[in-house]
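Visitor: Got a predicted model here, sequence first, then my questions.
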Amino acid sequence: MLILRTLQPGDEMLLESFLVQHTDTSMFLRCNWQEAGLVDQGARFQGTYVAAIANANIVAVAAHYWNGMVVVQAPVYLKEVVQAAVAESNRAISGIAGPAAQVEAAKKVLGLANRPTHLNEHEILFSLKLRDLQIPPALASGKLKCRLPYPEEFDLLSEWWYAFNIEALKKSESTDLQASCRREIEARQAKAMHWVLVAGDTLVAYSGFNARLPDIVQIGGVWTPPALRGNGYAKSVVAGSLLEARSQGVERAILFTNRDNLAAQAAYRGIGFRATGEEFGLVLFETS
């Protein structure tokens with residue numbers, strides 16, 4: 001018998017046992033519940049989780065988060081969990097993320113198939129076992145160095161993150177976005193979730209993790225200023241961040257990138273990443 005239920009404290013292991021079966025497309029779901037629990041009071045990383053349960057096991061879940069994102073992992077009963085999560089949370093929808101086919105289905109279920117978007121992508125998933133990480137020679141020799149940013153570099157990094165949001169995520173320029181980017185840089189610093197690449201005394205590239213678990217990390221937000229591209233900085237900053245993760249016991253890394261971004265794909269393959277055959281969907285709706 002199918003049970004549809006809003007998850008509550010005490011359901012964590014039931015949820016995790018399902019999500020771990022779909023690790024590469026569930027990193028946001030896994031990291032968010034581990035960061036903020038299953039109670040939804042609208043705080044950062046919190047969300048309303050609705051699961052479909054059959055034979056005492058979760059078989060599908062959708063979460064509607066504090067920032068308006070609907071995130072799905074629902075190979076079955078997608079309509080039921082998505083509609084219930086949005087109805088229960090009673091908040092606006094800013095976007096949808098999850099396995100690409102499920103994101104397309106969720107748009108239709110929610111009546112949003114024709115809503116204007118500023119980003120609507122199916123992105124290729126890449127995976128790397130960190131024991132197979134290939135270190136770029138310039139990083140291995142010490143010509144380039146990868147490290148945690150210094151606080152005095154936050155102004156520059158906030159500008160870079162702002163530029164990344166506009167170029168990669170197609171967001172509109174605004175003072176609110178500038179402030180949000182500064183907060184994100186500070187939040188990543190507090191958790192040591194980002195790195196800069198340095199050539200001499202000059203910062204030349206940036207990368208971070210947008211999800212992290214003890215055994216696996218998800219890379220998000222790789223940025224090289226346009227004038228500095230073509231020098232191999234992106235793969236070096238990613239490799240440097242993964243060396244640090246590997247030293248802390250992390251065994252694998254994943255990322256997803258636009259199918260048309262051939263330069264990024266070449267950089268990631270250059271340090272050992274390989275496509276998994278899965279695609280991740282990301283939709284960000286225009287705001288009025």
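Guide: Yes, it's here.
Visitor: what are the ranges of the helices in the stretch 1-150 of the chain?
Guide: 12-19, 27-36, 78-89, 100-109, 137-140 (DSSP state H, counting those that start in this stretch).
Visitor: angle of the first one against helix 27-36?
Guide: An angle of 170 degrees separates the directions of helix 12-19 and helix 27-36 when computed by axes from the mean of the first three to the mean of the last three C-alpha atoms, to 10 degrees.
Visitor: Kindly export helix 12-19 (C-alpha atoms) in PDB.
Guide: Only the C-alpha atoms of helix 12-19 are listed here, as PDB (Å, rounded to 0.1, in the frame of the first residue of the first chain):
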ATOM      1  CA  GLU A  12      16.300  10.700   8.500                       C
ATOM      2  CA  MET A  13      17.600   7.200   8.000                       C
ATOM      3  CA  LEU A  14      14.600   6.200   6.000                       C
ATOM      4  CA  LEU A  15      15.200   9.100   3.700                       C
ATOM      5  CA  GLU A  16      19.000   8.500   3.500                       C
ATOM      6  CA  SER A  17      18.600   4.800   2.700                       C
ATOM      7  CA  PHE A  18      16.600   5.800  -0.400                       C
ATOM      8  CA  LEU A  19      18.700   8.700  -1.500                       C
END
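Visitor: which strands and helices sit next to it?
Guide: helix 27-36, strand 47-54, strand 57-65 (3 or more C-beta pairs under 8 Å, 6 or more residues apart in numbering; DSSP states H and E). Just so you know, the C-beta spots here come from the backbone N, C-alpha and C atoms, and that holds for glycine as well.
Visitor: how about 10 Å then?
Guide: helix 27-36, strand 47-54, strand 57-65, strand 69-73 (3 or more C-beta pairs under 10 Å, 6 or more residues apart in numbering; DSSP states H and E).
Visitor: mind giving me TSV with these and columns for mean neighbour count and distance to Ser17?
Guide: Converted to TSV, the helices and strands packed on helix 12-19 look like this (neighbours: other C-beta atoms under 10 Å; distance: least, C-beta to C-beta, whole Å):
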stretch	mean neighbour count	distance to Ser17
helix 27-36	20	11
strand 47-54	24	11
strand 57-65	24	7
strand 69-73	25	12
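Visitor: Using JSON lines, please lay out those together with distance to Ala205 and mean pLDDT.
Guide: Listed next are the helices and strands packed on helix 12-19 as JSON lines, based on distance: least, C-beta to C-beta, whole Å; pLDDT from 0 to 100:
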{"stretch": "helix 27-36", "distance to Ala205": "23", "mean pLDDT": "97"}
{"stretch": "strand 47-54", "distance to Ala205": "32", "mean pLDDT": "98"}
{"stretch": "strand 57-65", "distance to Ala205": "29", "mean pLDDT": "98"}
{"stretch": "strand 69-73", "distance to Ala205": "27", "mean pLDDT": "98"}
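Visitor: nearest to Val250, of the helices of the stretch 1-150 of the chain?
Guide: helix 27-36 (12.7 Å; C-beta to C-beta).
Visitor: one step back: turn the helices of the stretch 1-150 of the chain into a markdown table, including distance to Pro116.
Guide: Listed next are the helices of the stretch 1-150 of the chain as a markdown table, based on distance: least, C-beta to C-beta, whole Å:
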| stretch | distance to Pro116 |
| --- | --- |
| helix 12-19 | 31 |
| helix 27-36 | 23 |
| helix 78-89 | 19 |
| helix 100-109 | 12 |
| helix 137-140 | 42 |
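Visitor: Select, out of those helices, the one closest to Ser172.
Guide: Here helix 100-109 is closest among the helices of the stretch 1-150 of the chain (C-beta to C-beta), at 21.0 Å.
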